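Visitor: the following block contains a protein sequence and its predicted model.
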Amino acid sequence: MLDIEVIEDPAAAEASLDPIRTRILQELVEPGSATQLAVKVGLPRQKVNYHLKALERHGLVELVEERKKGNVTERVLRATAASYLISPVALASVAPDPRRFSDRFSAFWLLALAARTVQEMGKLIAGAAAAKKKLASFAIDGEITFRSASDRAAFAEELAVAVTRLVDKYHDGGTGASTETVSGARKHRLVVVLHPALKTTQHSPEKEQDND
């Protein structure tokens, strides 16, 4: 079972968004049968079986084992991942393209970069899993409080300068031939983001309140 599976197929994305199927996927983090799920989700076993077949058809659940109980075979299934994320590939024709934006302070550019990150990491994780290899990645996550908008702008500028300096130091531009052909060399994607943290309220913990 993967920690996170990125869904690229539009039909699979549609199947996963059904509230009942979402609940079934949540319950199937631990293996279970249709009979067990029926009790947990409060639906008839036949109805649960209908949803399980749809999820299995789209590769979102997998067979763990089959148990014989008299003349009946009970199928035990498990979700293919603990969590799911829908890739922009599922909406390819309207997916955001970072190349449409030129302002690095644009919130829409940040969203487009995030969408591209989901798309590319989904493909990389799937490829690494198929090859049974570990995927090398690195991320920084933290929070910083600025006293003013000018301090935030100054920080962003200094961060850009520092990152550019590091890129210039370590980037192997090659001498004509593609660096991909050099033994051990491989291109990596670098994305650094900075945005206001979401303010929480008692009734709406995810509502954005910051308009600064």
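Guide: Right, received. Where do you want to start?
Visitor: C-alpha from now on. contacts and neighbour counts both.
Guide: Fine.
Visitor: nearest the middle, which residue of this protein would you pick?
Guide: Residue closest to the average C-alpha location in the chain (C-alpha atoms, centre = their mean): residue 85, at 4.3 Å.
Visitor: next SSE downstream of the helix or strand that contains that one?
Guide: Using DSSP states H and E, residue 85 falls within strand 81-86. Sequence order places helix 107-131 as the next helix or strand after strand 81-86, per DSSP H and E.
Visitor: buried sites along that next one?
Guide: 108-110, 112-123, 125 (16 or more other C-alpha atoms under 10 Å).
Visitor: and the furthest pair within those residues?
Guide: Greatest spacing in the buried residues of helix 107-131, by C-alpha to C-alpha: 108 and 125 (25.5 Å).
Visitor: quick one: terminal-to-terminal distance for stretch 68-76?
Guide: Stretch 68-76 has an end-to-end distance of 11 Å (C-alpha to C-alpha, to the nearest Å).
Visitor: do the same with stretch 14-29
Guide: Start-to-end span of stretch 14-29 (C-alpha to C-alpha) is 20 Å.
Visitor: contacts for it?
Guide: 37, 41, 51-52, 54-55, 58, 60-61, 77-79, 81-82 (C-alpha atoms under 8 Å, 6 or more residues apart in numbering).
Visitor: list buried members of those residues by neighbour count.
Guide: Neighbour counting with 16+ other C-alpha under 10 Å marks 37, 51-52, 54-55, 58, 60-61, 77-79, 81-82 as buried within the contacts of stretch 14-29.
Visitor: next step: those restricted to helices.
Guide: Counting by DSSP state H, these place 37, 51-52, 54-55 in helices.
Visitor: let's have these in a markdown table, adding distance to residue 193 and pLDDT.
Guide: Compiled in a markdown table, those are given as follows (distance: C-alpha to C-alpha, whole Å; pLDDT from 0 to 100):
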| residue | distance to residue 193 | pLDDT |
| --- | --- | --- |
| 37 | 41 | 95 |
| 51 | 39 | 96 |
| 52 | 39 | 96 |
| 54 | 38 | 95 |
| 55 | 35 | 96 |
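Visitor: farthest-separated two in these?
Guide: Greatest spacing in these, by C-alpha to C-alpha: 37 and 54 (15.0 Å).
Visitor: about what we covered before: from the buried ones among the contacts of stretch 14-29, which is closest to residue 130?
Guide: Nearest to residue 130 out of the buried ones among the contacts of stretch 14-29 is residue 81 (C-alpha to C-alpha; 14.9 Å).
Visitor: can you tell me how far the nearest residue to the closest one once chain neighbours are set aside sits from residue 85?
Guide: Distances taken as C-alpha to C-alpha, 6 or more residues apart in numbering put residue 2 closest to residue 81, at 4.4 Å, once the chain neighbours are dropped. According to C-alpha to C-alpha, residue 2 stands 12 Å off from residue 85.
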